[in-house]
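J.: Sequence first, then the predicted structure:
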Amino acid sequence: MRFDAIVVGAGFSGMYMLHRLRGLGLSVRVFEAGDGVGGTWYWNRYPGARCDVESMEYSFSFDRELEQEWEWSERYASQPEILRYAEHVADRFDLRRDITFGTRVTGAAYDEADHLWRVETDGGERVAARRLITAVGCLSAARVPDFPGASTFGGASLHTGRWPHEGVDFSGLRVAVIGTGSSGIQSIPVIADQAEHVTVFQRTPNFSVPAHNRPLTPEYQNQVKADYPDLRRQMRESMTGLLGAAGTVPALEVTQEERTREFEARWARGGIPFLGAFTDIAIDPRANELAAEFVRGKIREIVSDARTAELLMPRDHPIGSKRICVDTGYFATYNRPDVTLVDVRSDPIEEITPTGVRTAAAHHEVDVIVYATGFDAMTGPLLGLGITGRGGLSLKRKWEAGPRTYLGLMSAGFPNLFTITGPGSPSVLSNMIVSIEQHVDWIADCVAWLHERGVAAIDADPQAEKNWTAHVDEVSRFTLYPQANSWYMGANIPGKPRVFMPYVGGVGAYRLKCDQVAADGYEGFLLS
Ligand code: N01
C-alpha cells in the first residue's frame, strides 16, 4: 500500500497532523502502538496523573467550535479527563478510520530511487509513503532501571508510564515507589491514601510547587473562552506557551521583602508560573538560589520531622533545571505514619528480592513495586523506530553523540522525515499543545508547498543543521539547565550522550524563526 504520508503516533500531535494532511486532500495512514488515541494520556494512567499545565491552556486552538464546546471540570485536568478530550477530538474529526491501532512501527527505510519511505510494522505490514512524520512524543519510551533480581519479585511490578487499564487497588498492600520525579510526586500521595504502607525510594529530591487544583466555574470558563483569541496569541508569542504573568524584573534588583512577597503570591497561586517570578531565575545562580531557598523553606514548614524535611530539600541542582513538579499534598504526605522515605544516595538499592527491596542498610518487604523511574526522553522514542536514511545511515548512528537537527524538524540525510516536537525544538520546555500545533501547521504548510511545486524531496542542509545544533547548545549555556543531571540532558540513561536536547530560546522566538525560514522558500533546506 502506498500513501502520501505516514504518521507514527496518535497522541495529540498525530491526531492533529492527520487532520491537517487530510485537509490537504492527501492519503494518510497513522500507526499507533496503543489500542486508542491519546498518547501520553493513554499510557500514563497512574493514580493522581494530571497535567501540570492548566486545562484551559492545555487544549487545541485550531478549531473555534472545539475550543468553545469542550468543558473542563478542574483547573488541572486529570488523566481520565484529558483522555476523554483526546477521544472527543478523534470522534469529532472522524480520525479513527485512518489509524491502525495496536501496531508499532519497527522499521522505516528511505528508498532514494523512488523518494519513498518504506515502513514496516510489528504486525508484518509493509507500506510506503512519500512523507514520514513522527508524532511519537518525547516521554513515551518508559524506562525501568536494571536492578539485580528485579524479575524475581513475587508481587506486581508497575511502571507509571505503562499503568494497567483496569487500575490497581492498593488497599491493605505495602507499596514501594522508586523515583520522585513528576510521576512519583503526583502518585505518592494518592497511593498513600489507599495503601497500608508506602516506602518511597528517593535518589534526588525535587522541587515542587502546589497545584491548588480546584473545580472550574462556568463563569470562569466562559470568560476564558470569550478571551481565547487574545489569550492564545499571548501563549504563541510567549517564552513557554503558558499564560501566567512572566516577571519583568530581576530578583537581584528588588528588596528581600519584595522578593518574598512575589514568591509568596506565586506559591499561593500555584503551578509552574512560580518560576516566572523574576527574569533571572533561569540564568543567574544567585537569583536561582533565592527561589530554591524559598521552596526549601516551605518544605521545612510543611514536613514535621526535621531529618525527613532535610532529605526532601533539593540541593544538587538549580530550581527549574529539572522539570519543576506540581503537586497536591506531596510534602505533607511524609507526615503520615504509614509513609517512609529511604534516601538511596546514602542507602543504595542493592537488589530486588522475591519479597521486596534490599538496600545497603535494610530489607523492605513490599507487595507491589511502582517504578516512577522516567523515560528515555526525546531521542528514545525516535531511535526506537529503526529509521535508516540516505545511504543506509541509521538515525541511531547519526545521533550517536547526540541529536542533530535543523529546527528540530528534520535531520540531514533523512529526506521527507519530519519530527513533531523533536530534539532541537522547544517542545518539553513549553506547553506541549502550543508547540504541537505550531509544528503540525508548519509541516502541513511545508508539505502543501512541496506538493504544489511537485518537489519530491526536502532535506535539511547539513550546514544549516550544524549551525542550528550549535545554536541550540549555545543558548542552553546561557541558562542553568545544563547544570542538572536531568532527562533534558540525557543524564538519566546510562551511556546516553550528555547534550541539552530541547531548544531553550522560547516558543515565540522559535515560531518567528520557523515562519521566516518558510517565507524565504525553506531556507536551509535542500529541495530535489
Ligand atoms: O520521570 P523523571 P517522571 N534508582 O525522570 C528516579 C513529565 N510528566 O516520569 O533524579 C533510584 O522525572 C530518578 O532519580 P534521579 C514531566 O515533564 C509530567 O517522574 O535520576 N531512582 C527520578 O527521581 C516530567 O519531568 C507530568 O536521581 C531512580 C525518577 O526516578 C517527565 O514527564 C506528570 C533510578 C524519575 O523521574 C518525567 O517524569 C508526570 C534508579 N536507578 C510526568 N532511576 C505532569 O504533567 C531513576 N530514578 C504533572
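T.: That came through, no problem.

J.: and this protein, which residues reach the ligand?
T.: If contact is defined as CB under 6 Å from any ligand atom, the residues of the chain in contact with the ligand are 50-52, 139, 145, 160, 178-184, 186, 201, 203-204, 323, 326, 344, 349, 372-375, 428, 487, 492. Glycine gets a C-beta too; all of them are placed from N, C-alpha and C.

J.: State the number of residues packed around Ala306.
T.: Ala306 has 9 neighbours, counted by other CB atoms under 10 Å.

J.: which one is it nearest to, not counting chain neighbours?
T.: Distances taken as CB to CB, 6 or more residues apart in numbering place Arg300 nearest to Ala306, at 8.0 Å, with adjacent residues excluded.

J.: would Val119 count as being in a strand?
T.: Yes: under DSSP: H, G, I helix; E, B strand; the rest coil, Val119 sits within a strand.

J.: on that earlier part again, ok, of the residues of the chain next to the ligand, which come out buried?
T.: 50-52, 139, 160, 178-184, 186, 201, 203-204, 323, 326, 344, 349, 372-375, 428, 487, 492 (16 or more other CB atoms under 10 Å).

J.: Show the residue spans covered by the helices in the stretch 201-350 of the chain.
T.: 218-237, 256-269, 285-302, 306-312 (DSSP state H, counting those that start in this stretch).

J.: any idea which of those helices is most buried?
T.: helix 285-302 (a mean of 18; mean count of other CB atoms under 10 Å).

J.: So which other helices or strands are in contact with that one?
T.: Applying 3 or more CB pairs under 8 Å, 6 or more residues apart in numbering; DSSP states H and E, we find helix 285-302 packed against helix 256-269, helix 306-312.

J.: How much space separates the residue in the stretch 251-400 of the chain that the ligand sits nearest to from Thr160?
T.: Nearest residue of the stretch 251-400 of the chain to the ligand (CB to the nearest ligand atom) works out as Gly374 at 2.5 Å. Distance, Gly374 to Thr160, by CB to CB, to the nearest Å: 9 Å.

J.: Likewise for Gly184?
T.: Applying CB to CB to Gly184 and Thr160 gives a distance of 8 Å.

J.: Likewise for Glu262?
T.: Distance from Glu262 to Thr160, by CB to CB: 33 Å.

J.: Repeat that for Gly247.
T.: For Gly247, the distance to Thr160 - CB to CB - is 32 Å.

J.: just Ser208 next, same as before
T.: In terms of CB to CB, Ser208 sits 16 Å off from Thr160.

J.: Also Asp98?
T.: From Asp98 to Thr160 the distance is 30 Å (CB to CB).

J.: circling back to that earlier point, among the buried ones among the residues of the chain next to the ligand, which lie within helices?
T.: Filtering those for membership in helices, criterion DSSP state H, returns 182-184, 186.

J.: wait, which of those is closest to Ile6?
T.: Ser183 (30.5 Å; CB to CB).

J.: Please report how far that closest one lies from Lys398.
T.: The gap separating Ser183 from Lys398 is 31 Å, by CB to CB.

J.: For Gly374 and Thr160, list the residues in contact with both.
T.: Residues within reach of Gly374 and of Thr160 at once, by CB atoms under 8 Å, 6 or more residues apart in numbering, are 142, 179, 183.

J.: want to throw those into TSV with pLDDT and distance to Phe170?
T.: Output for the shared contacts of Gly374 and Thr160, formatted as TSV (pLDDT from 0 to 100; distance: CB to CB, whole Å):
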residue	pLDDT	distance to Phe170
Ala142	98	20
Gly179	98	17
Ser183	98	16
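
J.: Nearest to Trp41, out of those: which one, please.
T.: Ser183 (13.2 Å).

J.: Now do that closest one against Ala109, distance only.
T.: Ser183 is 35 Å from Ala109, by CB to CB.

J.: which residues touch the spatially closest residue to Thr180 that is not a sequence neighbour?
T.: The shortest distance from Thr180 to any non-neighbouring residue, by CB to CB, 6+ apart, is to Gln202 (4.6 Å). Contact analysis of Gln202 by CB under 8 Å, 6+ apart lists 180, 311-312, 341-344.

J.: Go ahead and confirm His363 touches Pro354.
T.: No: judged on CB atoms under 8 Å, His363 makes no contact with Pro354 at a distance of 11.1 Å.

J.: The two - which one has more neighbours?
T.: With neighbours defined as other CB under 10 Å, His363 and Pro354 compare such that His363 has more, 13 against 9.

J.: Enumerate every residue touching the more buried one.
T.: 353, 355-357.

J.: Secondary structure for those residues - can I get that in a markdown table?
T.: Listed next are the contacts of His363 as a markdown table, based on three-state DSSP:
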| residue | secondary structure |
| --- | --- |
| Thr353 | strand |
| Thr355 | coil |
| Gly356 | strand |
| Val357 | strand |
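
J.: Show me the two of the residues you listed that sit farthest apart.
T.: Largest pairwise distance in these, by CB to CB, is 9.3 Å, between Thr355 and Val357.

J.: what touches both of the two?
T.: 363, 366.

J.: Neighbour count: the two, which is higher?
T.: Between Thr355 and Val357, counted using other CB under 10 Å, Val357 has the larger neighbour count: 25 against 16.

J.: what ranges do the helices span in the stretch 51-200 of the chain?
T.: Under DSSP H, counting those that start in this stretch, the stretch 51-200 of the chain gives helices at 64-69, 79-92, 182-194.

J.: outside of the first one, which residues touch it?
T.: Contacts made with helix 64-69 from outside it, assessed by CB under 8 Å, 6+ apart, are listed as 59-61, 89, 92, 225, 228.

J.: What are the buried residues along that helix?
T.: 66-67.

J.: if we can go back for a sec, most widely separated two among the contacts of Gln202?
T.: Leu312 and Val344 (13.6 Å).

J.: Can you verify my assumption that Asp122 contacts Arg104?
T.: Yes: Asp122 is within contact range of Arg104, at 4.5 Å (criterion: CB under 8 Å).
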